[in-house]
Structure formats: C-alpha cells, structure tokens
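Asks: With the sequence up front, the predicted model follows.
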Amino acid sequence: MSTMSGEKNGQIAFAVGLLAGSIATYLVTSKNKTITNAPKASTARNDAASTQSMPDEIRSEMLSRNNLYFESSNGMPDITNACVLVVGLGGVGSHTAHMLARSGVKYLRLVDFDQVTLSSLNRHAVATLKDVGLPKVTVLCNHLRQICPDESRLVLDPVVKMYTGDRERDGTMMDPPDGVEKWDIVIDAIDDVPTKANLISYCAKRDIRVISCMGAGGKADPTRVHISDLRSASRDPLATAVRQRLRMLAKKEAKESGEKITNGSGVTSGGWISCVDDDSKLAVVFSSEKVVAKLAAITDEQKEEGMHNFGAVDNMRVRVLPVVGTMPAIMGQTLAAMALCELGGKPFSPVGAERVGRNIRHKLYQHLRSREKKLEDKLTPTLKEGSDNYTTDGTYIGAIQIDPDDVEYLMAELWKNKCAISGSRLGTVLELYRWDMSKPATPNNLVLMCVKSAQKFEKDFVELGDGRKGVDEVTRARIEKRLTMCVLDAEEE
C-alpha cells in the first residue's frame, strides 16, 4: 500500500515538475522571440525601453570563475571595461566574440557584411537553421543579448558592412566609442588577403593591438595550432600572402617617403611594418599542419559564365574552402583566450612552433656557464671591499642561476628561437647573454642573441660600460618589456 502511495506521489511530483518546466520554457521562448525579432537598432545601442537591468549578485556569479582566475592580477575590472573590435564573424570570429561576451567584455563592435548560409552552420558559434539568410552580425547579437540582457554591462555595436580600408566607404567603422582613445584590442578574423592586410596596416600605424587568425580551411589537427609573430607562421598560405601584401604596402609607402624598411637581411627595422616581426604588436594564430584538402573544383557552369559572376562581393574568393568545423572554433577560442589574458593582466607566452633539440639546449647552457665563469675569474680582483659579487664598477659576478631545463623555456617561449636584437632565426648560431650586467644570470635577465649581435653587445660593454647602450631605444624597450613577461612557473598564491 505504502509502495503504491509513494509511486503515486512520485508521479504527481513528476507531473508538477513537468508542467512547471513547460511554463518556464514557454515564457523564456516568448521572451527570446521578442529579442530575436527585435529590429537591428535595438540590438545595437543602449535603448532605455529595452534595457533589462541585471542585479549585481547575478552578474557577479556569472563571472565568478573568471574572477577567480584573474584575482591575482585584479584584472576583471579591466575586462569588464574593455572595448574590443571584432572584424569577421564567420567560423572563427563568431566563436571569439561569443566567448569575449560570456567572459565580461563590456563593449563589442561586431563587423561583418555576410549572411548566415546553410553551409556555414557546420562552424558558426551560435547560428541555427532559422537564422539562414539573416546577417551574421544580427544573429550573433541576438544570441549574446540572451546571455546578458543588461545593455549597461554588455554593449553590442553591430555593423552589417564590409571592412575595406577605404575611409570613405568604411565611414566611422574603425573609430573607437565616444570617450575612448583607441581600441583595447582588435580581433582580425577576415579570410580575404587585401582587406586583412589593410586592417593590420591600419592598426599598426596607430599602435593598436591586433590579434589575427590565419587559415583554418583544409586543416584539422588541433595539436598544430600555434601563436606567434606573422613571420614565424609556417605552412600557412594565408599568412604568406598577408606578409607579401603588407610588404608591398610598406615598400610603396617607403618609396614615396624615401625610407628604408629592412636592415638588409630581410628583417623589418622600423615603422609600422615592424609588426610582422613583433608579436607584441601583431600576434597571429595559425596552424602548422600541411593543408590536407583542396579547394572545391570549378564547376562547368562557373567556367561557362565566368568566375567573376559567382562571388558574393567583388574581388572576394569564389572557390569553396573545405572546412572541418572544429578548426575555426579552436582558432576562434584561441584568439579569445589571448585577448582575455592580455586584457586581464595575465598574458601568457606562447610556445613557438619550432622545437630545439636537447643537444642544442645543453650546448647553450654550457656556453653561458663557461662564459660567466671566465668573466668571474677575470673580474674577481676588482671586487668591492667586503663584497663577494659586485666589482668596483657595479658588475655582478657569480654562478648562473638557471638550469638546463630553463633553456628550452627561454629559447622557445620567451625569445621564440630568434635573436632579440636583429630578429635572426634558427639557422644562425644563437647564445644566451646577460642583459643587465649589474644583475645575476637569472631567467628574466637573459637574452637570446646571434653571434653578430652578441659580439657588438660585448664590445659595447667594454667600450661604453653597458652593452645596452649600443642598442637602439625601440629595440631596447621591446626587449625589456619581454623580460618582464618571463615566468617559468605558474604563480602560486
């Protein structure tokens, strides 16, 4: 009897729960329909009539996990006040914008001219079948507004327009919001070479931080995704084409102004084009996987009527790229991760795609230790009275304070396997040298140099008393900024 009664009560409870769930679903769906069908203008800006205030305790709980991560850097206020521009909202950009909004970024300007198609449903972050035919910008804004309906906490600024690099055609698209000097970060998720190069050059000339995505098509291996400077992006046809385009733009401007844009070895040496070699100005996400799938074949109809009649927009790619939906998502999330960590004051130093063998690392370690020992033997007679480590001119002498395992971090992660001064890469002989001779050989005081740069550095140390004095101001500032990012282990609280 009691068993039957229990079962009956359970059935009643289940029915009540089901009914309550159905009512809640109906109410949420009704509200969502209002958001989805809202005119574009109400999605774009703060509209007092449509703003739904979100209590502080709810917003705080939504971002609680992020708060914990950025607690040590007190970075969440910077994220929740950040202004980010995302250009391109396809398979890559939609995932980036989606995660930036979920993570608390306050102001997002979302730029894309294209519409959702059936074929884009395999990779777009939020689009569904009912969104086919709608602008990607509108679809994304509708979804993000459901995550955060409070327009004072998430400002969505949609621009259903193609970025061209032409001020007259673009209008105020690239202008930051009123009262903001410049964008905190620009996300480049464009897949067209000319417009991609135009966006990068625009930002580089104005010292605006850019994080750019290279090609995701025809690739699938997530272990081959890397972050680097543009020149280091290997096995990526899009990266190669963008480098060439940027170089062409720089050469054209240099010819008009009479300036020199390289140091003679192909390494950029000043001006905005230096962004190609400097990942603190332009970081790129790319896959070093060899493309394993070809573009779709040109159809007989396209051949007969002319390829130019099949592009959605003039000068845009016509042939279809094969895309496994996971790769754009991974690359888009990588862009978001880097942007959030920089905004939140906890930037990471990506591992370079090039790996260095153990023998090379061991050789660098031994060379450094031997060189420092010779210097110690030579300068010991000049030690200050009562000091074991400092000479009369302030030079530190003593044992190096790294181990062989630290060399891999310094080479691959901190200095990206290239000379910090000249930009020369693997293929030349590289060595670790102390940057500030008044301090010991610790990881945050060791710089990777090629032989030519190292010889000059040592010569300047003897003649000028400080090897850094022979390094130009821009390069010196870049190196010293990089040294501040040296973190061998995760911070422990």
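Replies: Structure's in. What do you need?
Asks: now the stretch 201-350 of the chain, which segments are flagged as low pLDDT?
Replies: Within the stretch 201-350 of the chain, the stretches with pLDDT under 70 are 260-270, 294-320.
Asks: at 90 what do you get?
Replies: Where the stretch 201-350 of the chain drops to pLDDT under 90, the residues are 217-218, 224, 231-237, 251-271, 274, 277-280, 288-323, 347-350.
Asks: Tell me where it has strands.
Replies: 210-213, 225-228, 282-287 (DSSP state E, counting those that start in this stretch).
Asks: Can you name the residues bridging to the spatially most central residue of the chain?
Replies: Centroid check for the chain by CA atoms, centre = their mean gives Ile211 as the closest residue, at 3.7 Å. Note on Ile211: beta-bridge partners Ile187, Ala283, judged by DSSP bridges.
Asks: so who does Ala97 touch?
Replies: Ala97 is in contact with 86, 89, 108, 110, 125, 140, 144, 187, counting by CB atoms under 8 Å, 6 or more residues apart in numbering. For the C-beta atoms, the positions are set from N, CA and C on the backbone; glycine is no exception.
Asks: any idea how far Pro381 is from Ile400?
Replies: Note on Pro381: its distance to Ile400, by CB to CB, to the nearest Å, is 21 Å.
Asks: Looking only at neighbour counts, state which of these two leads.
Replies: Ranked by neighbour count (other CB atoms under 10 Å), Pro381 and Ile400 place Ile400 first, with 19 against 7.
Asks: From what I see, the more buried one and Arg369 are in contact.
Replies: Yes: at 5.4 Å, Ile400 counts as touching Arg369 under the criterion of CB atoms under 8 Å.
Asks: thinking again about what came up before, make TSV from the strands of the stretch 201-350 of the chain and add distance to Asp191 to it.
Replies: Shown next, in TSV, are those (distance: least, CB to CB, whole Å):
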stretch	distance to Asp191
strand 210-213	8
strand 225-228	16
strand 282-287	13
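Asks: nearest to Ile330, of those strands?
Replies: Closest to Ile330 of these is strand 225-228 (CB to CB; 6.0 Å).
Asks: Against which helices or strands is the closest one packed?
Replies: Other elements packing on strand 225-228 under the criterion 3 or more CB pairs under 8 Å, 6 or more residues apart in numbering; DSSP states H and E are strand 282-287, helix 326-343.
Asks: Just say which of those is most tucked in.
Replies: Mean neighbour count (mean count of other CB atoms under 10 Å) peaks for strand 282-287 among the helices and strands packed on strand 225-228, with a mean of 26.
Asks: angle of that strand against helix 326-343?
Replies: With axes from the mean of the first three to the mean of the last three CA atoms, to 10 degrees applied, the angle from strand 282-287 to helix 326-343 works out at 150 degrees.
Asks: how many other residues sit next to Val155?
Replies: Other residues within reach of Val155, judged by other CB under 10 Å, total 18.
Asks: Might you report the residue contacts of the closest residue to it other than its chain neighbours?
Replies: Sequence neighbours aside, Tyr107 is the residue nearest to Val155 in space, at 4.5 Å (criterion: CB to CB, 6 or more residues apart in numbering). Taking CB under 8 Å, 6+ apart, we find Tyr107 in contact with 82-84, 155, 157, 177, 180.
Asks: Turn these into a markdown table, including distance to Glu259.
Replies: Putting those into a markdown table (distance: CB to CB, whole Å) gives the following:
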| residue | distance to Glu259 |
| --- | --- |
| Ala82 | 34 |
| Cys83 | 32 |
| Val84 | 32 |
| Val155 | 40 |
| Asp157 | 36 |
| Pro177 | 34 |
| Val180 | 31 |
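Asks: Counting neighbours, which of these comes out on top?
Replies: Within the contacts of Tyr107, most neighbours by other CB under 10 Å means Val84, with 26 neighbours.
Asks: In three-state terms, label that one for me.
Replies: Following DSSP: H, G, I helix; E, B strand; the rest coil, we place Val84 in the strand state.
Asks: Wait, it touches Ala189, no?
Replies: No: using CB under 8 Å as the test, Val84 is too far from Ala189 to be in contact (12.0 Å).
Asks: Could you report the neighbour count for Val292?
Replies: Applying other CB under 10 Å, I find that Val292 has 11 neighbouring residues.
Asks: again with Lys459
Replies: For Lys459, the neighbour count with other CB under 10 Å is 12.
Asks: Residue numbering should commence at 854 henceforth.
Replies: Right, with 854 as the first residue, what we last looked at is Lys1312.
Asks: tell me the secondary structure for it?
Replies: helix.
Asks: out of the contacts of Tyr960, which one sits closest to Glu1195?
Replies: Using CB to CB, Ala935 comes nearest to Glu1195 of the contacts of Tyr960, at 9.7 Å.
Asks: of the contacts of Ala950, closest to His951?
Replies: Closest to His951, out of all of the contacts of Ala950 and judged by CB to CB, is Ala978, at 4.4 Å.
Asks: residue contacts, the closest one?
Replies: Ala978 makes contact with 944, 947-948, 950-951, 993, 1182, 1185, according to CB under 8 Å, 6+ apart.
Asks: what about 10 Å?
Replies: Ala978 makes contact with 942-952, 989, 992-993, 996-997, 1181-1182, 1185-1186, according to CB atoms under 10 Å, 6 or more residues apart in numbering.
Asks: cool, Asp984 as well?
Replies: Contacts for Asp984 (CB under 10 Å, 6+ apart) come out as 889, 968-970, 973-974, 977, 991-993, 995-996.
Asks: which of these tops the neighbour count?
Replies: Top of the contacts of Asp984 by neighbour count (other CB under 10 Å): Leu993, with 29 neighbours.
Asks: Surely that one and Leu942 touch.
Replies: Yes: counting by CB atoms under 10 Å, Leu993 touches Leu942, with 5.7 Å between them.
Asks: Need the overlap of contacts for these two.
Replies: Joint contacts of Leu993 and Leu942 (CB under 10 Å, 6+ apart) are 950-951, 963, 965, 969, 977-980, 1011.
Asks: of all the contacts of Tyr960, which two lie farthest apart?
Replies: Largest separation among these by CB to CB: Ala935 and Asp1010, giving 13.3 Å.
Asks: shared neighbours, these two?
Replies: Taking CB under 10 Å, 6+ apart as the criterion, Ala935 and Asp1010 both touch 960-961.
Asks: okay, the helices and strands packed on strand 1078-1081 in CSV with distance to Thr1048 next?
Replies: Formatted as CSV, the helices and strands packed on strand 1078-1081 follow (distance: least, CB to CB, whole Å):
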stretch, distance to Thr1048
strand 1135-1140, 16
helix 1179-1196, 17
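Asks: Which among these is found nearest to Glu1316?
Replies: Closest among the helices and strands packed on strand 1078-1081, using CB to CB: strand 1135-1140, at 35.4 Å.
Asks: Now the common contact residues for Val937 and Ala1042.
Replies: 949-950, 1064.
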